[in-house]
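> make a model of this:
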Amino acid sequence: MSALSHIRNVGIAAHIDAGKTTLTERILFYTGRQHKIGEVHDGAATMDWMIQEKERGITITSACTYCSWLDHTINIIDTPGHVDFTMEVERSMRVLDGLIILLDAVAAVQPQTETVWRQANRYRVPRIAFVNKMDRAGANFANVVAKMREKLMAPAVAVQVPVGEEEEFRGVVDLVEGKAYYWPGEDLGQTYEPGDIPEGMLSDVLRWRRELVEKICERDERLMEDYFAEKEIAPEDLRAVLRRAVCDGSLVPVFCGSAFRNKGVQLLTNGIVHYLPAPDEVPPVKGVNPKTNEEEQRPADDKEPFAALAFKIATDPHVGKLTFVRVYSGRMKKSGTALNVRSGSRERFSRLLRMHANHREEIDEIAAGDTVAVVGLKSATTGDTLADPKNPILLEPIHIPQPVLEVALEPKTQSDQEKMAVSLAKLSEEDPTFKYKTDEESGQVVISGMGELHLEIIVDRLLREFRLAAKVGRPEVAYRETVTARVEDVEGNLIRQTGGHGQYARVVINLFPLENGDFSFENNAGGDVIPREFVPAVEQGVREALASGVLAGYPVVGVGVELVDGAHHPVDSSDLAFRIAGSVAVREALKQASPVLLEPVMNVEIIVPEQYLGDVTSDLNARRGRVGAFEKAEDNLRAIHAQVPLAEMFGYATDLRSRTQGRGTFTMEFARYSPVPPEKVGASATG
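Numbering: from 1, shown residues only. Sure thing, here's the model as predicted:
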């Protein structure tokens, strides 16, 4: 066998609090990777190494580790369950060969389970399932399998069934082997032993096994013949066909156990080796040759040209910038160089590290199938392809969800102000769903992310890691003003006599609304009343006055100005005088032209399950939204297209999740400016 056939690149994904990190800790313990079990509730889990993770008892960033089992190397990525950190799951899915989906034995398919399942579908990741917490009150294995088929449309097939449920849970029956296994429990579940299947379970076990064997035999003609001939089929034959079915996505084996109670983990780890594909068993990675613009493939082979994908950036306080890469083909030695296909620059692999959460192990070479961290890459960002310069290939990028929540960030001191840009740039490099910008009008730094928790963690990291104190506030809405009526012959005068040369200018204008929201200036005054050299000064004064409206000081848009008359003095007139006169005329004209306040209106697309359509639509109407088309998205999801004022969208991400049990997502972008209703003008004018 090749070395590649003994590698498994797998991830663990689930809804929040399903037990992902707890399961990972048990796998590491039973495989001998670590010598004690770290518990999440004690803040001692190896994989939750960030201080924010330890304090909150949740996973925030995907963590990589590895272990050995049955003479195989298993590279594991433990992913977050909270929807705010969905990017961590997204980038992990892009580089995985297989996935373990965890399901709560009581709650079955939860909102984030559906999200990670769709992400796995996007990247066509083969998967197995583990029904966790079989010891909890209300645990129901059969219900979880049914819900997987119903809600996820998953081709789920049980390969194990529990011996007892809730507090009576004590073991599992392996349906492939037809054996029961029990965990005595005195040694933290390290040993388990075969035993008899309880008599009361025999009929259920036969029913479950018949279903499993039928579904496997459907996928192999020889086994189908043996099945109809009522021949006994060997477990190794069942495993071989089931493995092919998992690799092509036509079956999802379902295991069960209780990670916290140390039951079922070793058999699941067997399942990783038995059923999830090796790097050379998944389809070759596809990309585009930047020289020819033609599609190419790179099979997982050490002898192929080097190709790897940078899927995660992290900052290590001891070694600096870490770039996590998945190697798809070829080899790379320490101090070797590769081409960053996006930027066209050469990148030097100064150090190669195999990661165990935040612990590092130096290695000299990486090869196809490896998932490692690299020190020394200067310009690589999430989604970049690193390839052999002589044989470049641009791999499929990583899908990056758009941030949906914005808040203003204000540094507390001048020192913090100076450090903020550098700190935010580093955080944005690590997390592509975190964005920041400086609002040119308000001067505020506006940060955006996937939700309130996401931004809360960002602010906490600024304080702890970068020693930067900042307070979070609500960003200002960028309102505008315009006019609704035409006014004519409005004068602006400047007459000043201070001894010697004075200042004199007279300007007469017409002002009118423009439907397209633009600005126009036209000179129809004639060269006699206002010399041509002073006309640009008048236009400058007009523009300066329109920068701050008369209602609430917001910029004025959608206005046309016509210069129709005026007067000058051969000595006292100047550019300054006509600039001020033009400004005075516009200020007076704005007061007379029935000014109105405008607010930004956003194009919003909301994706929700069909059962929440009515509630979400009613809420959009209450937010002064105009609901347009409804479209079918995927499965039972519907897309709602609407236009909603930006002022009504603050806090919408959190509200949408509460209305849809976390299943709803949305994106928005600027559409147009629209008049603020009279009853809302007072609140808008005061910010």
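> can you give me every residue that contacts residue 412?
Residues in contact with residue 412, defined by C-beta atoms under 8 Å, 6 or more residues apart in numbering, are 469-471. No exception for glycine: its C-beta is placed from N, CA and C like everyone else's.
> list buried residues within the residues you listed.
Neighbour-count burial (16 or more other C-beta atoms under 10 Å) applied to these gives residue 470.
> could I get the contacts of residue 412 as JSON lines with pLDDT?
As requested, the contacts of residue 412 are exported to JSON lines (pLDDT from 0 to 100):
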{"residue": "469", "pLDDT": "80"}
{"residue": "470", "pLDDT": "81"}
{"residue": "471", "pLDDT": "80"}
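> where does this protein have low pLDDT?
Scanning the chain with the threshold set as pLDDT under 70 gives 1-2, 38-60, 81-84, 404, 440-443, 475-476, 498-500, 527, 633-635, 681-687.
> pick out the residue nearest the middle of it.
For the chain, residue 87 is the residue whose C-alpha lies nearest the centre (C-alpha atoms, centre = their mean; 3.1 Å).
> ok, for that one, nearest residue in space, not its chain neighbours?
The shortest distance from residue 87 to any non-neighbouring residue, by C-beta to C-beta, 6 or more residues apart in numbering, is to residue 433 (4.3 Å).
> what about that neighbour, how many residues nearby?
Each residue near residue 433 was counted by other C-beta atoms under 10 Å, and the total is 23.
> which helix or strand contains it?
Assigned by DSSP states H and E, residue 433 belongs to neither a helix nor a strand.
> gap between it and residue 311?
In this view, residue 433 and residue 311 are 14 Å apart by C-beta to C-beta, to the nearest Å.
> partners of the nearest residue to residue 402 once chain neighbours are set aside in the sheet?
Nearest residue to residue 402, sequence neighbours excluded (C-beta to C-beta, 6+ apart): residue 667, at 5.1 Å. Beta-bridge partners recorded for residue 667 (DSSP bridges): residue 605.
> start at 465, not 1
Got it, the first residue is 465 from now on, which makes the last one we talked about residue 1131.
> on that earlier part again, next up, phi/psi of the residue nearest to the centre of the chain, please.
Here is the backbone geometry of residue 551 (degrees, to the nearest 10): phi -60, psi -30.
> wait, it touches residue 918, no?
No - taking contacts as C-beta atoms under 8 Å, residue 551 lies outside contact range of residue 918: 9.1 Å.
> what is the neighbour count of residue 889?
11.
> helix or strand: which one has it?
helix 878-894.
> same question for residue 669.
Element membership for residue 669 (DSSP H and E) is helix 666-681.
> from the contact counts, what lies against that helix?
strand 620-622, strand 624-627, helix 685-692, helix 699-711 (3 or more C-beta pairs under 8 Å, 6 or more residues apart in numbering; DSSP states H and E).
> what bridges to residue 947?
Bridge pairing for residue 947 - DSSP bridges - gives residue 1059.
> hmm, it is touching residue 1021, no?
No - assessed by C-beta under 8 Å, residue 947 is found out of contact with residue 1021, at 9.8 Å.
> where does the helix or strand hosting residue 1079 sit relative to the chain's centre, distance-wise?
For residue 1079, the host element (DSSP H and E) is helix 1077-1086. Its chain's C-alpha centre and that of helix 1077-1086 lie 25 Å apart, by C-alpha atoms, centre = their mean, to the nearest Å.
> contacts made by that helix with the rest, please.
For helix 1077-1086, the external contacting residues (C-beta under 8 Å, 6+ apart) are 1068, 1070, 1072, 1091, 1094, 1102, 1104, 1106, 1108, 1119-1120, 1123-1124, 1128.
> which among those count as buried?
1068, 1070, 1072, 1091, 1102, 1104, 1106, 1108, 1120, 1123-1124, 1128.
> now do the SS call for residue 1006.
Following DSSP: H, G, I helix; E, B strand; the rest coil, residue 1006 is assigned to helix.
> count of neighbours near it?
Using other C-beta under 10 Å, residue 1006 is surrounded by 24 other residues.
> do the one 10 residues further on as well
Applying other C-beta under 10 Å, we find 18 other residues in the vicinity of residue 1016.
> with residue 593 instead?
With other C-beta under 10 Å as criterion, residue 593 counts 29.
> between the helix or strand where it lies and helix 699-711, how many degrees?
Assigning secondary structure by DSSP H and E places residue 593 in strand 591-596. Angle, strand 591-596 to helix 699-711, by axes from the mean of the first three to the mean of the last three C-alpha atoms, to 10 degrees: 110 degrees.
> in its sheet, what does strand 591-596 sit against?
Paired neighbours of strand 591-596 in the sheet (DSSP bridges): strand 562-568 (parallel), strand 716-720 (parallel).
> put together JSON lines for the helices and strands packed on helix 666-681, with mean neighbour count and distance to residue 748 on each row.
As requested, these are exported to JSON lines (neighbours: other C-beta atoms under 10 Å; distance: least, C-beta to C-beta, whole Å):
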{"stretch": "strand 620-622", "mean neighbour count": "23", "distance to residue 748": "28"}
{"stretch": "strand 624-627", "mean neighbour count": "26", "distance to residue 748": "33"}
{"stretch": "helix 685-692", "mean neighbour count": "14", "distance to residue 748": "27"}
{"stretch": "helix 699-711", "mean neighbour count": "18", "distance to residue 748": "14"}
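> let's have those in CSV, adding distance to residue 654.
Output for the helices and strands packed on helix 666-681, formatted as CSV (distance: least, C-beta to C-beta, whole Å):
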stretch, distance to residue 654
strand 620-622, 26
strand 624-627, 19
helix 685-692, 35
helix 699-711, 24
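> out of the ones you listed, nearest to residue 645?
Closest to residue 645 of those is strand 624-627 (C-beta to C-beta; 8.5 Å).
> quick one: strands adjacent to that closest one?
In the sheet, strand 624-627 lines up against strand 635-638 (antiparallel) (DSSP bridges).
> hang on, residue 497 packs against residue 529?
Yes - using C-beta under 8 Å, residue 497 is in contact with residue 529, at 7.0 Å.
> what do those two both touch?
Common neighbours of residue 497 and residue 529 are listed as residue 820 (criterion: C-beta under 8 Å, 6+ apart).
> the more surrounded of those two?
The neighbour comparison of residue 497 against residue 529 (other C-beta under 10 Å) goes to residue 529, with 22 against 19.
> am I right that the more buried one is in a helix?
No - under three-state DSSP, residue 529 falls outside any helix and is assigned strand.
> for residue 1004, see how far away it is.
According to C-beta to C-beta, residue 529 stands 64 Å off from residue 1004.
> try residue 865
Taken as C-beta to C-beta, the span from residue 865 to residue 1004 is 44 Å.
> over to residue 553?
Using C-beta to C-beta, residue 553 is found at 53 Å from residue 1004.
> more crowded one of the two?
A count of neighbours by other C-beta under 10 Å puts residue 553 above the other of residue 553 and residue 1004, at 25 against 16.
> centre of the chain to the helix or strand harbouring that one, how far?
Residue 553 belongs to helix 550-559 when assigned by DSSP H and E. Centroid displacement of helix 550-559 relative to its chain, using C-alpha atoms, centre = their mean, is 8 Å.
> what's the answer for stretch 703-710, then?
32 Å.
> list the buried ones in stretch 790-799?
Within stretch 790-799, the residues that qualify as buried are 790-796, 798, counting by 16+ other C-beta under 10 Å.
> end-to-end on that stretch?
Start-to-end span of stretch 790-799 (C-alpha to C-alpha, to the nearest Å) is 17 Å.
> give me the contact list for that stretch.
473, 559, 743, 749, 762-773, 775, 802, 812-816, 827-836, 852, 859.
> distance check, the closest residue to residue 852 other than its chain neighbours against residue 900.
Nearest residue to residue 852 in three dimensions, chain neighbours excluded: residue 769, at 3.9 Å (C-beta to C-beta, 6+ apart). Noted for residue 769: a distance of 38 Å to residue 900, by C-beta to C-beta.
> ok, now how distant is residue 713 from residue 1102?
Going from residue 713 to residue 1102 by C-beta to C-beta gives 25 Å.
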